[in-house]
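Asks: Build the 3D model from these lines:
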Amino acid sequence: MFRKLLTRLALLGLATSALAQPVPPEDEAAFTRQAAETLQRSLSSGTVTVQGPLTLRVGDSRINLDRIHDFCRRDRANCADHLNAFLQDMAVSLRERDDKPKADALRIVLRPAAYVAAARATLARGNAANSLDARPFFGGLLAVPVLDGERSVKLLGSQQRDELGLADDEAFARGLKNLRDRLPPLAVEAPPLPPGRLGTMSPDYYQPSRLLLHDDWAGLAAAQGGVLVVAVPTTDRLLYSADDSPAALAALQVLVGETMARAPNPLSPQLLRWRHEGWELIPAP
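Replies: Numbers count the residues shown, from 1 in each chain. Model (predicted):
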């Protein structure tokens, strides 16, 4: 189950109470208990149980706290806010899980292979017949179909896809169309850059998904003299450059690594170069 998190604290009902709370404990068992108690207070129905260290369960939904706990170990000052944002988004997602899927809500996101493996296992535990169609992209990333909600994003399992009356290819095509319709034009988000400059698109849950819309990048690549290098260090951020010199690539690689190390939602350390025939993986310097 994917969610939008950590970007809307002003809208969260838990944000105010989080300010009065002590920093969540580092101990895994204590951290898990506190998360369970906080999530339970946010649900109008359903029981939150501790399944193990950094693992909660609500009905047939399994909630992994590994990544948010790892973030909290690295950033104690912002831990309470981020944990409460995570749990509030999860509460919304749980409330929305029984909603009927709609084709207009289909999107495609990029996620690491390890995440997809865990997601498939979670779906199978709920129902062995409910599978997840994820397609290889680059550098260990996979394209994953999801359903976009008001404040949460859910995996599109095969059962939900069948409810929509779509085959795998049709679901992916509709998800990509919806992405293109939803996202601001690339020309607005990413003006051409001179060599030596780095562009950062505004944070958005679906920014990395722009890489799936390969042909949309042709104009920017041409405007930059045929040189376009991109990176998606987190699940809501996309960086781009017009400089593929060894020094520039090395500097960008360092920035990507530092960004991933600080973020609770790292995505990929890879750099990609745009080519007419498709994206090209740039070897680490």
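Asks: center of this protein - which residue?
Replies: Relative to the mean C-alpha position of the chain, the nearest C-alpha, by C-alpha atoms, centre = their mean, is the one of residue 235, at 3.8 Å.
Asks: Please report phi then psi for the residue lying closest to that residue once chain neighbours are set aside.
Replies: Closest residue to residue 235 apart from its sequence neighbours, by C-beta to C-beta, 6 or more residues apart in numbering: residue 265 at 4.4 Å. (Glycine included, C-beta is placed from N, CA and C.) With angles defined as degrees, to the nearest 10, residue 265 sits at phi -130, psi 60.
Asks: re earlier: isn't the residue nearest to the centre of the chain up against residue 267?
Replies: Yes - assessed by C-beta atoms under 8 Å, residue 235 is found in contact with residue 267 at 5.0 Å.
Asks: and for the two, which residues touch both?
Replies: Common neighbours of residue 235 and residue 267, using C-beta atoms under 8 Å, 6 or more residues apart in numbering, are 110-111, 208.
Asks: any idea which element residue 196 lies in?
Replies: Assigned by DSSP states H and E, residue 196 falls within no helix or strand.
Asks: and residue 102, what is it in contact with?
Replies: Residue 102 neighbours (C-beta under 8 Å, 6+ apart): 147, 164.
Asks: meant to ask about residue 146
Replies: Neighbours of residue 146 in contact, by C-beta under 8 Å, 6+ apart: 2, 106-109, 153-156, 175.
Asks: let's see it at 7 Å
Replies: By C-beta atoms under 7 Å, 6 or more residues apart in numbering, the residues touching residue 146 are 2, 107, 109, 153-156.
Asks: Burial check on the residue nearest to residue 125 when sequence neighbours are not counted, number of neighbours?
Replies: Spatial nearest neighbour of residue 125, excluding adjacent residues (C-beta to C-beta, 6+ apart): residue 62 at 6.7 Å. Other residues near residue 62 come to 17 when the count uses other C-beta atoms under 10 Å.
Asks: Over to residue 192?
Replies: The number of residues packed near residue 192 is 17, by other C-beta under 10 Å.
Asks: on that earlier part again, which member of the contacts of residue 146 is positioned nearest residue 257?
Replies: Using C-beta to C-beta, residue 109 comes nearest to residue 257 of the contacts of residue 146, at 21.9 Å.
Asks: what sits against the closest one?
Replies: 2, 144, 146, 206, 209.
Asks: want to try JSON lines for these, with pLDDT as columns?
Replies: Shown next, in JSON lines, are these (pLDDT from 0 to 100):
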{"residue": "2", "pLDDT": "37"}
{"residue": "144", "pLDDT": "96"}
{"residue": "146", "pLDDT": "94"}
{"residue": "206", "pLDDT": "96"}
{"residue": "209", "pLDDT": "98"}
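Asks: Now, those residues that are in strands?
Replies: Counted as lying in strands by DSSP state E, out of those, are 144, 146.
Asks: in the stretch 1-150 of the chain, which ranges drop under the pLDDT threshold?
Replies: Applying pLDDT under 70 to the stretch 1-150 of the chain flags the ranges 1-21, 97-99, 126, 128-129.
Asks: which residues in it form helices?
Replies: All helices of the stretch 1-150 of the chain, identified by DSSP state H, counting those that start in this stretch, fall at 15-20, 28-42, 66-74, 79-96, 113-126.
Asks: Would you point to the one among those that's packed deepest?
Replies: Scoring those by mean neighbour count under mean count of other C-beta atoms under 10 Å gives helix 79-96 as the most buried, with a mean of 23.
Asks: Which strands and helices lie in contact with that one?
Replies: Judged by 3 or more C-beta pairs under 7 Å, 6 or more residues apart in numbering; DSSP states H and E, the packing partners of helix 79-96 are helix 15-20, helix 28-42, helix 66-74.
Asks: Would you check that residue 175 makes contact with residue 104?
Replies: No - using C-beta atoms under 7 Å as the test, residue 175 is too far from residue 104 to be in contact (10.6 Å).
Asks: So residue 151 belongs to a helix, correct?
Replies: No - with DSSP: H, G, I helix; E, B strand; the rest coil as the criterion, residue 151 is located in coil rather than a helix.
Asks: Tabulate the helices and strands packed on helix 79-96 (a markdown table), appending distance to residue 115.
Replies: Converted to a markdown table, these look like this (distance: least, C-beta to C-beta, whole Å):
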| stretch | distance to residue 115 |
| --- | --- |
| helix 15-20 | 26 |
| helix 28-42 | 19 |
| helix 66-74 | 9 |
